[in-house]
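Q: Give the three-dimensional model of this entry:
(chains A and B)
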There are 2 protein chains.
Amino acid sequence: MSGAEELKQQIEEQTKVFAELKRSGGDKALIKEQAFLLNELKEKLRIANGGDPNDKKGESSKPIALKTPKGTKDYGSKEMSVRSDIFNTIIKVFEKHGAVTIDTPVFELKEILMGNYGEDSKLIYDLKDQGGEECSLRYDLTVPFARHVAMNKISNIKRYQIAKVYRRDQPAMTKGRMREFYQCDYDIAGAYDPMIPDAECIKVAVDVLTQLDVGAFVVKINHRKILDAIFEVSGVPEAKVRSISSAVDKLDKLPWSDVKKEMVDDKGLSEQVADKIGEYVLLKGGEELLAKLQSMSELMASKKAQEGVADMALFFKYARIYKVLDYVSFDMSLARGLDYYTGIIYEAVLVEENVRPTQAQPTATKANEVKDGNQEIDETQIRVGSIAGGGRYDGLVGRFSTSKRAKDKDSGKGNVPCVGISFGVERIFSIILNRRQAAEIKSNRTMVYVISIGDSLLEERMAIASELWDNDIPTEFMYKVKPNFKRQMDNCDNEFIPWGVLIGSDEINQGVVRIKNMLVKAEGESKDGITVKRADMVAELKKRLQMQMQK
Amino acid sequence: MSGAEELKQQIEEQTKVFAELKRSGGDKALIKEQAFLLNELKEKLRIANGGDPNDKKGESSKPIALKTPKGTKDYGSKEMSVRSDIFNTIIKVFEKHGAVTIDTPVFELKEILMGNYGEDSKLIYDLKDQGGEECSLRYDLTVPFARHVAMNKISNIKRYQIAKVYRRDQPAMTKGRMREFYQCDYDIAGAYDPMIPDAECIKVAVDVLTQLDVGAFVVKINHRKILDAIFEVSGVPEAKVRSISSAVDKLDKLPWSDVKKEMVDDKGLSEQVADKIGEYVLLKGGEELLAKLQSMSELMASKKAQEGVADMALFFKYARIYKVLDYVSFDMSLARGLDYYTGIIYEAVLVEENVRPTQAQPTATKANEVKDGNQEIDETQIRVGSIAGGGRYDGLVGRFSTSKRAKDKDSGKGNVPCVGISFGVERIFSIILNRRQAAEIKSNRTMVYVISIGDSLLEERMAIASELWDNDIPTEFMYKVKPNFKRQMDNCDNEFIPWGVLIGSDEINQGVVRIKNMLVKAEGESKDGITVKRADMVAELKKRLQMQMQK
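A: Next up is the predicted model:
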């Protein structure tokens, strides 16, 4: 059988398979795939019969859409260079606090994710059912972390994880709301004495944000038990707690009158109950707020309030030792959306853009000013200043625990208490990227460019580059047999390569190279650089790179 | 309306939605989600009616499966520590050669991926159609890279990317075949003079594998044009070239007689043609093989063979300059599966496990020995020794180019020639992990543990830790008000924390701390360590950490 005959036979078979698949109303994607295979076979036959392989008649005439999926994007080398600096800064702080890292799959069993995100679970990406388990892309890093801790019966771990998460949300690229984005989490899991790891999370937040130099920020803190007690003593019905809590959370952007209106008109709360809530949630301040709360006898009659206030008293003691008090604002209106928080909650917000954080400004923050009275809130607008957030979640690991006791008791086996913080790295990335001129970003780490003056000298350039590589000096040269001198010089400029090793036939004959500072003319050096013996080249360059690093 | 009444109403509505959804035979996953929401509402009503929130009767009694999806796994902190060392070593080599990095989304439009992987396209993971575009998880990093280059009209870039890819293959965890795994790619795109970037890819491969210390390896090389010429002059029909090529590729594990049998009996080749192929593909050696090929007049009559041999002659010249000749084996049986290669191809294979690469052993390699005569080949077994591979692919970017000229001409605009190498980091990871005792791996970077002798001293421990953090010294202490002394000491042992700062009430009263080497007793120090003034603590620790790093 000739090749063409064999192909004809294959095409016949494939045509049958394809027709049957279409007839039976099979899976759309599968039909597309089979159609593609059929086309491919036909194209092969055309070529086997003497057709021109470069003549792509057999190919679908519809051009491929050259784009990334909606809500996703590529990051180019300059963006990646900035991103990598940010990640390294954050990781250094995390590791300074003893954290380790773990890695979990990008997709989880669907049932692991379900039941953690309330209404937002509609934003979860599912994988197609191609046979086997139902899987979904992770929505955050917290639930996979809790699953990991429960699954491996880990009793304590301090871990960080920087990885992408997926939300099938309406993207708003300009606002930085993407369907694929990085999260950057630091969590301490384990049964420890109260508020010690909690205070360290705030210390980590302050260290990270200060070192990243994102601008002035304030860390708002509150306690879930105090909030619960406020709703309890104000008389909010159990079933309304969640929606009232989310209304309260809007106080960072709306005036009290608007929030009250929402509670009464939309959520069906009585005006009296709303006013009572207002007495509490409008309070904010520093450590002195503790005494104020302790003096409110109706509130303090609640056991939850007592526990929450005791936690906060400890927090302020520890925050003073960690020298982070100046960054903290005790804000009774901070509620945070997620159901799983059980203790302290916090959120770091920028207070004024483009102002360096010389001193935090915990009062008079722009973030607390009213932006507009519009009740139709765009959630991304509300949190526009938020760059980190988290809190204590003591029940989540227990949810995944197979141990019965974990589900029954707070202190049960398998129910590992956790506290953590998540940094909004995408927003931090935008802030830092906006501040820098793209043109000024060096995306490579190349230190030396080997340049030929006038001649080819390819083999000599290769030999020099190879020697420099073997001495751990990042080096490039132009991949041309006859490189243009000006283009070699331009490459150094464009890529911010600081040192040139220049050779011409004179240098080769004399056994020397010229070393030239390509970016700044060093003192005492001529514009042609200095000439050193070829044997001294590596030592001379190392000395210069060392000096540069110390600057 | 009371909260309970509101809930009842919600449950009624949800019940209707759910019934309608089930009746209409709606999406399975959606039904599950809706059922979950209904259950959640019922549970809330139960609690609103005074039910005990800790009594989880309302929850589904079926426990959640505590596992990661099939073919995926978590990586714990010790594994991540080893992995991170490997990545850092590789990245350092890549950046030494001037490479930058980019990031692409984990999923691509399905049509971007289709048509690149032949039959293996059935292994592509698709996302569920939840409205919008059809997307699939990336299968490798090469196709997204080509899409990125075409989309951004990049004319030249040297980039690396280390990221996870997805294949819905039958997993074999013990063999390291996973459905989610890392790829680690280095590619040079751009129109350069022949073989200069190609030779650098081999230099990069040798540098990476030597620095990772994976064991003795050899880099097999061949050229797609020479292979094509061999099939042409042997008389293989065009339509059979691909299947014959894949048979030839098995020569690293099967004897010629078996491969010939496959060609003749299974692939329908005449015995005469098969024998002619055998004359060529059994050749292997070093640079001297070039002269041998050049003397084969029938082969060299082919223009393709002339081009391939000319390329290889240049390659050997450059490989000598880069001092990598000793690692290279010119092997006419290397074919590699992927369709898109157009020039040099290569594959690094381990030649003997657990042997340090003092000198490469390009002859007598175990990888070339026949393992068994079994015709039923397990593909993972064939490539068990393969740890890196790649080649030149000049047409792939053009496939995505919107420019017409790119599709018509090799040198057309938009058709950016590429050459690259991909490292099998999962296999490298297994090799290196197997060599190390898990118990010996330090997964954190903590350098100091602050220890209380006998007393609580929590605030003092916190203050010391805070001071050390502020001086960039990675520090931990026990999150207990009254820490057990032995457990503090054990933590240092278990976590390989080298330095202890010990305090007791005596030390506090005298304004001193004790610094003790927890792992090795330093010379001239008592077993209790040395006592320094509290004010000198940071300087003293920095000095010791510096000394440790220089060792």
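Q: mind checking pLDDT for A:Pro197?
A: With respect to pLDDT, A:Pro197 scores 98.
Q: burial measure for it, as a count.
A: As a burial measure, A:Pro197 scores 24 neighbours (other C-beta atoms under 10 Å in any protein chain shown). Glycine gets a C-beta too; all of them are placed from N, C-alpha and C.
Q: Identify the residue spatially nearest to it, adjacent ones excluded.
A: Nearest residue to A:Pro197 in three dimensions, chain neighbours excluded: A:Ile188, at 4.0 Å (C-beta to C-beta, 6 or more residues apart in numbering or on different chains).
Q: my read: that neighbour touches A:Lys203, true?
A: No - the pair A:Ile188 / A:Lys203 is not scored as a contact, 11.5 Å apart, by C-beta atoms under 8 Å.
Q: quick revisit: okay, and the beta partners of the residue nearest to A:Pro197?
A: A:Lys158, A:Val419 (DSSP bridges).
Q: pLDDT score assigned to it?
A: The per-residue pLDDT reported for A:Ile188 equals 98.
Q: so how many other residues sit close to it?
A: Each residue near A:Ile188 was counted by other C-beta under 10 Å, and the total is 25.
Q: Let me see the contact set for it.
A: A:158, A:197, A:200-201, A:418-420, B:479 (C-beta atoms under 8 Å, 6 or more residues apart in numbering or on different chains).
Q: Could you figure out how far the helix or strand harbouring A:Ser81 is turned away from helix B:77-96?
A: According to DSSP states H and E, A:Ser81 maps onto helix A:77-96. Orientation check (axes from the mean of the first three to the mean of the last three C-alpha atoms, to 10 degrees): helix A:77-96 against helix B:77-96 gives 140 degrees.
Q: What average pLDDT does helix A:77-96 get?
A: 96.
Q: starting at the chain centroid, how far to that helix?
A: Here the centre of helix A:77-96 is set off from its chain's centre by 11 Å, with C-alpha atoms, centre = their mean, to the nearest Å.
Q: Check what pLDDT A:Met549 gets.
A: Value for A:Met549, per-residue pLDDT: 73.
Q: burial of it, as a residue count?
A: 7.
Q: in a helix, that's where it is, yeah?
A: Yes - per DSSP: H, G, I helix; E, B strand; the rest coil, A:Met549 lies within a helix segment.
Q: So it versus chain B, what's the distance?
A: Distance of A:Met549 to chain B, computed by C-beta to the nearest C-beta, to the nearest Å: 15 Å.
Q: Then A:Leu468?
A: Counting by C-beta to the nearest C-beta - A:Leu468 and chain B are separated by 9 Å.
Q: Tell me which helix or strand that residue sits in.
A: helix A:458-470.
Q: Sheet partners, orientation included, of the helix or strand just after that helix?
A: Once helix A:458-470 ends, the next helix or strand along the chain (criterion: DSSP H and E) is strand A:475-477. When pairing is defined by DSSP bridges, strand A:475-477 lines up against strand A:448-452 (parallel).
Q: measure A:Met489 to A:Leu468 for me?
A: 19 Å (C-beta to C-beta, to the nearest Å).
Q: Between the two, point out the one with more neighbours.
A: Using other C-beta under 10 Å as the criterion, A:Met489 and A:Leu468 rank with A:Leu468 on top: 24 against 16.
Q: Show the pLDDT at the closest residue in space to the more buried one that isn't next to it in sequence.
A: Excluding its sequence neighbours, the residue lying closest to A:Leu468 (C-beta to C-beta, 6+ apart) is A:Thr475, at 4.1 Å. According to the prediction, A:Thr475 has pLDDT 97.
Q: OK, contacts around the spatially most central residue of chain A?
A: Central residue of chain A (C-alpha atoms, centre = their mean): A:Tyr182, 2.6 Å from the mean position. Contacts for A:Tyr182 were tallied using C-beta under 8 Å, 6+ apart; they are A:162-165, A:425-426.
Q: three-state assignment of it?
A: A:Tyr182 ends up strand, using three-state DSSP.
Q: Then A:Val416?
A: Following three-state DSSP, A:Val416 is assigned to coil.
Q: how near is it to chain B?
A: For A:Val416, the distance to chain B - C-beta to the nearest C-beta - is 13 Å.
Q: Just give me the neighbour total for the nearest residue to that residue once chain neighbours are set aside.
A: Residue nearest to A:Val416 in three dimensions, not counting chain neighbours: A:Val397, with 4.2 Å by C-beta to C-beta, 6+ apart. Per other C-beta under 10 Å, the neighbour tally for A:Val397 reads 23.
Q: Could you do the one 3 residues further on as well?
A: Residue neighbour count, defined by other C-beta under 10 Å, stands at 21 for A:Phe400.
Q: Tell me the buried residues in the helix holding A:Leu468?
A: Buried residues in helix A:458-470, counted by 16 or more other C-beta atoms under 10 Å in any protein chain shown: A:458, A:460-469.
Q: What of stretch A:229-247?
A: For stretch A:229-247, the neighbour count (16+ other C-beta under 10 Å) marks A:229-234, A:236-245, A:247 as buried.
Q: These: which ones sit near chain B?
A: Residues of the buried residues of stretch A:229-247 in contact with chain B (C-beta under 8 Å from any C-beta of the partner chain): A:237-240.
Q: Include secondary structure and distance to A:Ile432 when you put the residues you listed into a markdown table, please.
A: Formatted as a markdown table, those follow (DSSP: H, G, I helix; E, B strand; the rest coil; distance: C-beta to C-beta, whole Å):
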| residue | secondary structure | distance to A:Ile432 |
| --- | --- | --- |
| A:Pro237 | coil | 45 |
| A:Glu238 | helix | 44 |
| A:Ala239 | helix | 44 |
| A:Lys240 | helix | 41 |
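Q: Of the residues you listed, which pair is most distant in space?
A: Spatially, the most separated pair among those is A:Glu238 and A:Lys240, at 7.4 Å (C-beta to C-beta).
Q: And the residue of the stretch 251-400 of chain A closest to chain B?
A: A:Ile321 (4.7 Å; C-beta to the nearest C-beta).
Q: again, but for the stretch 101-250 of chain A
A: A:Ala239 (2.9 Å).
Q: partners of A:Asn517 in the sheet?
A: A:Asn517 forms beta bridges with A:Trp499, as assigned by DSSP bridges.
Q: show me what contacts the residue nearest to A:Ile453 when sequence neighbours are not counted?
A: The shortest distance from A:Ile453 to any non-neighbouring residue, by C-beta to C-beta, 6+ apart, is to A:Gly504 (3.7 Å). Listed by C-beta under 8 Å, 6+ apart, the contact partners of A:Gly504 are A:452-455, A:457.
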